[in-house]
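K.L.:
Pasting the sequence and the predicted coordinates here, then a few questions.
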Amino acid sequence: MTTATAERPGSVHAPMDIRKKRHVSNASVARYIFLILVTLLALFPIVYVISASLKTNKELMLGGVNIFTANPTLDNFKQAWGLAHFGRYTLNSIYVCAIAVTGVVITSSMSAYVFSRGKFPGKKIIYTMFLATMFVSAGSVTIFPISQLAAKLHLNNLTGLGVIQMFTISAVNLFLTMGYMKTISTEIDEAAEIDGCSFFRTYWNIIMPLSKPILATVALTTFQSVWNEYLLSRVMTIHDSMTYTLVVGVTQLKSMGGEGAAQWNLMMAGTLFAIVPIIVVYLSLNQYFIAGLTAGSVKG
């Protein structure tokens, strides 16, 4: 006669279960510690900029890397805003970003739709050539020919700067957008075609609205890239200081407000002015960013 016996806490299997739980618990603690350290390393530059913007230039240069200050001051922000035309520079940056972001979102979504849904000779070759540019970074080598071409076309201004950045954005946007569109069922296209929609109208009325998450991701990364662009912006606006973008204007604070010493305190205050818009845009699009980036990178 056999009887079923339930395992008790004092049974042989109990210590093994306890060891497994402790192992999982230790792994979780180690993971959280690692993530906290990475977060602190990522946030430290921002915290240091905030701290430095509240110090005098003397304290900043003689105080080493001390984060906290005994006598915080807001005068740096007042001086920075008064010495530089930050209001004008901010509008200039917004204008350039609006042109570049709008253009990139439209061109990336249209080209991704054509490559994922269209059928034409040489499609794979052209797409491969586009993707090949992901691994090529000419950098400052292209600044001179771009500036010369822009001058010939009378585009050496803010509008030209936005147009140039629209056409020099990385092919990663095309790759992500196309990957996302591949997750949209082609049956939607077939149903739209039966209802009389043309190839373009299917894109504009159906596919583009369904691609909002990935397009928000493209818009955010493009905004960040264009907003932080310094070298090209400096070259394109060097002839007129009133056309400076905000990032270019921030660097000019280094030589303002005093003689004989770099005004790092004013530059740190100006840097905060340049950081805030990026944070606001990111928080506004954050609900789409992770979903779009993840879905767009699944298929290529």
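P.N.:
Yep, that arrived. If you're wondering where the values come from, they're calculated on a predicted model, not measured in any experiment.

K.L.:
and the gap between K123 and S111?
P.N.:
Distance of K123 to S111, computed by Cβ to Cβ, to the nearest Å: 11 Å. Where C-beta positions appear, they are placed from N, C-alpha and C, glycine not excepted.

K.L.:
of those two, who's got more company?
P.N.:
Between K123 and S111, counted using other Cβ atoms under 10 Å, S111 has the larger neighbour count: 19 against 13.

K.L.:
Contacts only, for the more buried one.
P.N.:
By Cβ atoms under 8 Å, 6 or more residues apart in numbering, the contact list for S111 reads F130, L174, T177.

K.L.:
does A274 really touch V248, like I thought?
P.N.:
No. Using Cβ atoms under 8 Å, A274 is not in contact with V248, being 10.1 Å away.

K.L.:
Those two: which is more packed in?
P.N.:
Taking neighbours as other Cβ under 10 Å, A274 and V248 compare with V248 leading, 22 against 19.

K.L.:
Report the secondary structure element holding the more buried one.
P.N.:
helix 246-252 (DSSP states H and E).

K.L.:
which residues make contact with that helix from outside it?
P.N.:
Residues outside helix 246-252 that contact it (Cβ under 8 Å, 6+ apart) are 84-86, 89-90, 92-93, 227-230, 233-234, 237, 241, 244, 267, 270-271, 273-274.

K.L.:
Filter the contacts of S111 down to the buried ones, PyMOL style.
P.N.:
Written as a PyMOL command, the selection of buried residues from these, which uses 16 or more other Cβ atoms under 10 Å, is:
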select buried, resi 174+177
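
K.L.:
Report the spatially closest residue to I67, excluding sequence-adjacent ones.
P.N.:
Leaving aside its chain neighbours, I67 sits nearest to S51 (4.9 Å; criterion: Cβ to Cβ, 6 or more residues apart in numbering).

K.L.:
picking up where we left off before, just the buried ones from the contacts of helix 246-252?
P.N.:
Buried by 16+ other Cβ under 10 Å: 84-86, 89-90, 92-93, 227, 229, 233-234, 237, 244, 267, 270-271, 273-274, out of these.

K.L.:
now the one helix or strand L149 maps to, how far from the chain's geometric center?
P.N.:
Element membership of L149 [criterion: DSSP H and E] is helix 143-152. Put simply, helix 143-152 sits 26 Å off its chain's centre (Cα atoms, centre = their mean, to the nearest Å).
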